[in-house]
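# Sequence below, structure please.
(2 chains)
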Amino acid sequence: MKKPEQRDLFPGALEMMILRTLKRQPLHGYALVQHIKRTSNDLLQIEEGSLYPALQRLLKEDLVKAEWSISSTNRRVRIYKLTAAGARHLERQVSSFEKMLEGITRVLARGES
Amino acid sequence: MNWLKPWFSRRHLYHALSEELQQHLGEKIEELVAAGMSKEDATAAARRDFGNVTLIEEDSREVWQWPSLESFFADVRYALRILRKNPGFTFIAVLTLALGIGANTAIFSIVNAVILRPLPYKDSSRILTLHTKTAMFPNFTLGLSWPAFQAIRAAGSIEEAAACWETDRTLTGTNQPAMLSAAGVSSGFFEELGGRAELGRLLSDQDQKAAEDRVAVISQALWRTHFAKDPAVVGRRLILDNKVYTVVGVAAKGFAYPERADVWVPISLTSDIEQNPTFFTFDVLAKLRKEARLATLRAELATTVPRLEQQLAKDRPDLAGDYKITAETLLDNRVQDARQSYVVLLAAATLVLLIACANLTSLLLARGWARHREMAMRAALGASPGRLRRQVLVESCLLAVLGGLAGMGLAVGGVQIFCAIAPPDTVRLNEVSLDWTLLWFALASSLLSGLIVGLAPARRAARMSPNELFKQGTGAGARRPSRFGSALVVIEVALAFILLAGSTLMVQTLAHLLYQNPGFRTDHLLTLDLPQPPNWDEKDADRHAASQIAGMKQIMADVRRLPGVQDVAASDHGVLNGLEFSHAGIKLEGVSSEKAEISEGIVSRYLSPGYFRMLGISLLRGREFEEHDARQSHKVALVNEAMAQKFWDTLDVVGKRISISKDEKANPEWNEIVGVVSNVRDLDIQQEAQPEYFLALFQWGVGSHHLVVRTRTNPDALADTISRQIWASFPDQPLTHVMTLTRTIADSVGDQRLHTALLGVFATVGLAVALLGVYGVVSYSVARRTQEIGVRMALGAARPDILRMVLRQGLTLVALGAAIGTAGALGATRAIASELYGVTPTDPATFAAAIALMLLVGCLACWIPARRAVRVDPLMALRYE
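So this is what the prediction gives:
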């Protein structure tokens, strides 16, 4: 069975970034990709398509909700919004991510000295 | 019901997803175009950045699914579609598997019912049956004496033990007299076996104490045949050997111990019998204690048996020696003779399934090559190797399950046919039935076959690279005939050859048996048994015998008068029916004592005058029995050639005397030999004639009579007339085994007939499937090589050359298979050696014939593709490119 994989990212990272972006403002898929690319200064090269399986997962777990509307370029698009559950999930994810990052940083720092 | 929601809204979700992805791409393209790219470049760039749309869509959908199961269902749906599109392939594949699985399932359900399943008695695995072996009767397995039974009952490792004594008794007082098998049973008999009553009750300890009350329990069969399932049967009368019994109950359905028992009565013994250490008659069933092992009992027997032997030696020193009591489980005792032949049948059925599997594997591989573009396309579209592998396995398992379902139908029919054609004395035949085991076995074997069959094709599919797409279907790999596929066909042929050799040997055996000349005329003969009520009263013996003889003479005279009857003779028991009577203490005049020391006894028969003449057995010396050989006259005997030669080394033995009994003063009572007859196979058609002697039926009183009637027309048609004629004068005379001698002979080879038929069916199926395999491989390779053949022909190859080329390819496979099969068969046919007659397991002529047959049908299998090859039009073949 082929599993969707986030190349160069750890599992859950893509979801976390989506939730974080959506916390700022509701967006549709294309805009989401553009935003993540822009904010990461193109450091994170994600295959655009891989966003969609992730979005479906978040939808299924009720962390985001989606509704159809018309974009600024006059297209029918699906705008994703963070739910309350999504916001809580994001907080937990971010804090555990920060702890992990801190741990990794310390180990790396120790290793250098 | 929240979990149901996604199932309903899923279609909607998928639509939304598709549209969303399209919009995403559209938006991206627009932006790129706005940045100055051409429309085409923008589309390509957008798609490149986006990735595999189909795959992403699939992955996104999978979020909502129970992924493995649903993609599995998708695979099943796809496989079904593929199978529907190739009805020819599907039919062949399902049919071959159905034959293999059907054969296996049918044989397995029979084996399960007969050999594996415990007997239908309480704690049946702990029930042992015991037998006596003594020097007196070295060739017989006897029951136990009553003192031995008491000793077993007292053994420490035995929880309970019961004895039964089965005898034939005459049932009278109904519209037709009959012979019943009556079991006299000791107390505890029904309790030990866990028997239940369908109506009324079984026998109690009270019944055992009051044996003169004469109560009886009847079997289901007797209840049905003689009492029309009368619900008020309890209390009705049953006249057995002229004694009135009262029915107290009907045994529950399926209770059958002893197997043929019609009625159970309390055992009643004289004190003589209870103390007689040589009355080896009782069928003893002993139940081991839960913690005890068979070895424990055997150890106990080692101390008990010598004590019993000492006791025996005191009474009858001449009969002591080599006294043993053997113990084995009831199941072993019942099925051990049958086990070997069932194992052979199961092995043969497995071979059929293996052939079917090998055949299907090679078919799937060949088709795999034909479908490699499809697989490459799927790989290119993002199907992972695992997914491709699964797709192939799902297809093969689906085929196997379809084959299994069809096979189950075949098995159901097969089991029914087996029950119908099996000889009636087949062990546990009545327990063979259709049950869940059949279903599970069919399902399990079909899934297993599906996996085995799909393994190689699945591996190949998983290795498929998208590059194959660009090879235009004529890549080198696709064109080379698969070596693995050819190996499979060789294996198929080899396995089929083993079956073929085995069944050819069996067919020869059966032919030898059926056309074996027994040495006497077997046509136009009707035979019947006339059981005589036993006489236990010594004082009355003379009068009893005289009246029996008078009765028999009258019956013979009555029957002889019937129109259509040519001749009548009588004996004490029939020929070729497995019965053998012999005397142990025989003395031969003029034969040295060590040579006359015939411990195993000599086979004997009591005969009426005219017996040999009627059967066309030639008289070599002297005369046969005549009317004047009566009770009061000088006692006479005849011997056969084998006996005269063995003991006197000459045929001139008329005037010599033999003795089988002693008078009051312990002097031998002599019978003078008055004639010598030629050897015939009257005991067992499979055996050379043994020494036999004959006594005059009407000089002795014997416990059974047998009538042989030679008819002018079809003997079967006279059976009723003869029976009615006898009952007119003797209304209480039961008549049993009324049948033609031809039928008796056919029955005596019933087992071989059944096994030959089954092996024959398996061999035919195996052969057909293997040849289908040869045909498949050859015609596939012809189709692949159409171009090459065209080129060869264009370059001047003649049609016979092409024909030879194709035939050579096919026949090489067949010859290789036959060679390997010969090696295998030389070992495998030893398993049926015990069933063979008139032919050795490695008979060269049989093997040569089997090889010739294999090559011949091999040619047939190659013929069609070869013809197709020579019809190739070089022009068309080249244009095809």
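# Tell me how many other residues crowd residue 97.
In the absence of a named chain, chain A is used. 14 (other C-beta atoms under 10 Å in any protein chain shown). The way it works is simple: take the backbone N, C-alpha and C, and place the C-beta from them, glycine included.
# wait, I meant chain B there
Applying other C-beta under 10 Å, I find that B:Leu97 has 30 neighbouring residues.
# do B:Val344 as well
21.
# Hmm, it is touching B:Arg830, no?
No. The pair B:Val344 / B:Arg830 is not scored as a contact, 10.5 Å apart, by C-beta atoms under 8 Å.
# quick one: B:Val63 from chain A, how far?
4 Å (C-beta to the nearest C-beta, to the nearest Å).
# Quick one: neighbours of that residue, just the number.
B:Val63: 21 neighbours (other C-beta under 10 Å).
# looking just at contacts, which helices and strands does the longest helix anywhere in chain A meet?
If you go by DSSP state H, chain A has its longest helix at helix A:84-112. Contact here means 3 or more C-beta pairs under 8 Å, 6 or more residues apart in numbering or on different chains; DSSP states H and E; on that basis helix A:84-112 packs against helix A:13-24.
# Show me which positions of the longest helix of chain A end up buried.
Under the neighbour-count criterion of 16 or more other C-beta atoms under 10 Å in any protein chain shown, helix A:84-112 has A:Gly86, A:His89, A:Leu90, A:Gln93 buried.
# Nearest to B:Val490, out of the residues you listed: which one, please.
Distances from B:Val490 to those, taken as C-beta to C-beta, are shortest for A:Gln93 (61.9 Å).
# Quick check: residues of chain A near chain B?
Taking C-beta under 8 Å from any C-beta of the partner chain as the contact definition, chain A meets chain B at A:1-2, A:4, A:28-30, A:33, A:47-50, A:52-53, A:55-57, A:59-60, A:66, A:68, A:71, A:73, A:75-78.
# Please indicate which of those are buried?
A:4, A:28-30, A:33, A:47-50, A:52-53, A:55-57, A:59, A:66, A:71, A:75, A:77-78.
# which ones among these are found in helices?
Short answer: those in helices (DSSP H) are A:Gly29, A:Tyr30, A:Val33, A:Tyr52, A:Pro53, A:Leu55, A:Gln56, A:Arg57, A:Leu59.
# Next, the buried residues of stretch B:74-82.
Those buried within stretch B:74-82 under the rule 16+ other C-beta under 10 Å are B:Asp75, B:Ala79, B:Ile82.
# Give me the residue ranges of the chain where confidence is low.
Going with chain A. A:1-9, A:45, A:111-113 (pLDDT under 70).
# nope, chain B
Ranges of chain B meeting pLDDT under 70: B:1-9, B:66-68, B:136-139, B:211, B:318-320, B:469-482, B:535-536, B:584, B:593-600, B:880-881.
# what residue lies at the spatial centre of it?
Nearest to the mean C-alpha position of chain B, by C-alpha atoms, centre = their mean, lies B:Tyr342 at 5.2 Å.
# what helix or strand is that residue on?
Using DSSP states H and E, B:Tyr342 falls within helix B:330-370.
# and that helix, what does it pack onto?
helix B:87-111, strand B:127-133, helix B:385-421, helix B:436-462, helix B:483-515, helix B:750-784.
# what angle do the longest one and helix B:436-462 make?
Here helix B:385-421 runs at 150 degrees with respect to helix B:436-462, directions being taken by axes from the mean of the first three to the mean of the last three C-alpha atoms, to 10 degrees.
# Point out the residues in the stretch 301-450 of chain B that sit beside chain A.
B:Gly382, B:Ser384, B:Gly386, B:Arg387.
# which of those lies closest to B:Thr278?
B:Gly386 (75.8 Å).
# The residue nearest to B:Asp682 when sequence neighbours are not counted: what's it in contact with?
Computed as C-beta to C-beta, 6 or more residues apart in numbering or on different chains, the closest residue to B:Asp682 that is not its neighbour in sequence is B:Val575, at 4.1 Å. B:Val575 makes contact with B:Thr527, B:Asp682, B:Leu683, B:Leu741, B:Thr744, according to C-beta atoms under 8 Å, 6 or more residues apart in numbering or on different chains.
# element containing the third one?
Assigned by DSSP H and E, B:Leu683 belongs to neither a helix nor a strand.
# what residues are up against it?
B:Val575, B:Leu576, B:Glu580, B:Val603, B:Gln690, B:Glu692.
# And for residue 58, the neighbour number?
Using chain A. Counted with other C-beta under 10 Å, A:Leu58 comes out at 24.
# wait, chain B
Neighbours around B:Glu58, by other C-beta under 10 Å: 20.
# Identify the residue nearest it in space, chain neighbours excluded?
B:Gly382 (7.9 Å).
# Identify the residues contacting the one you found.
Contacts of B:Gly382 by C-beta under 8 Å, 6+ apart are A:Lys2, B:Asn52, B:Thr54, B:Leu55, B:Glu58.
# Apply 7 Å and report the result again.
B:Asn52, B:Thr54, B:Leu55 (C-beta atoms under 7 Å, 6 or more residues apart in numbering or on different chains).
# From chain A, how far off is the second one?
Applying C-beta to the nearest C-beta, the value for B:Thr54 to chain A is 10 Å.
# And the residue lying closest to that residue once chain neighbours are set aside, its phi and psi?
Nearest residue to B:Thr54 in three dimensions, chain neighbours excluded: B:Leu381, at 6.2 Å (C-beta to C-beta, 6+ apart). In terms of degrees, to the nearest 10, the main-chain angles of B:Leu381 are phi -80, psi 0.
# Can you tell me the strand partners of the biggest strand by length in chain B and which way each runs?
Ranked by residue count and defined by DSSP state E, the top strand of chain B is strand B:158-172. Taking DSSP bridges as the criterion, strand B:158-172 sits next to strand B:178-185 (antiparallel), strand B:237-240 (antiparallel), strand B:283-288 (antiparallel) in its sheet.
# Other residues contacting the longest one?
The contact list for strand B:178-185, computed with C-beta under 7 Å, 6+ apart, reads B:162, B:164-171, B:203, B:222, B:240, B:258, B:260-268, B:531, B:734, B:736.
# just to revisit the earlier point, which among the contacts of B:Gly382 count as buried?
Counted by 16+ other C-beta under 10 Å, the contacts of B:Gly382 give B:Leu55 as buried.
# residue contacts, the residue lying closest to B:Ser396 once chain neighbours are set aside?
Nearest non-adjacent residue to B:Ser396, counting by C-beta to C-beta, 6+ apart: B:Gly454, 3.0 Å away. By C-beta under 7 Å, 6+ apart, the contact list for B:Gly454 reads B:Leu364, B:Val392, B:Leu393, B:Ser396, B:Cys397.
# how deep is the third one tucked in, by neighbour count?
One way to gauge burial is a neighbour count; for B:Leu393, by other C-beta under 10 Å, it gives 20.
# Equivalent analysis for the second one, please.
Burial of B:Val392 is recorded as 26 neighbouring residues (other C-beta under 10 Å).
# With the first one instead?
Around B:Leu364 sit 25 other residues, with neighbours defined as other C-beta under 10 Å.
# who are the neighbours in contact with the nearest residue to it once chain neighbours are set aside?
In this structure, B:Leu364 finds its nearest non-sequential neighbour in B:Pro457, 4.3 Å apart by C-beta to C-beta, 6+ apart. Listed by C-beta under 7 Å, 6+ apart, the contact set of B:Pro457 reads B:Thr361, B:Leu364, B:Leu365, B:Gly368, B:Val392, B:Ser396.
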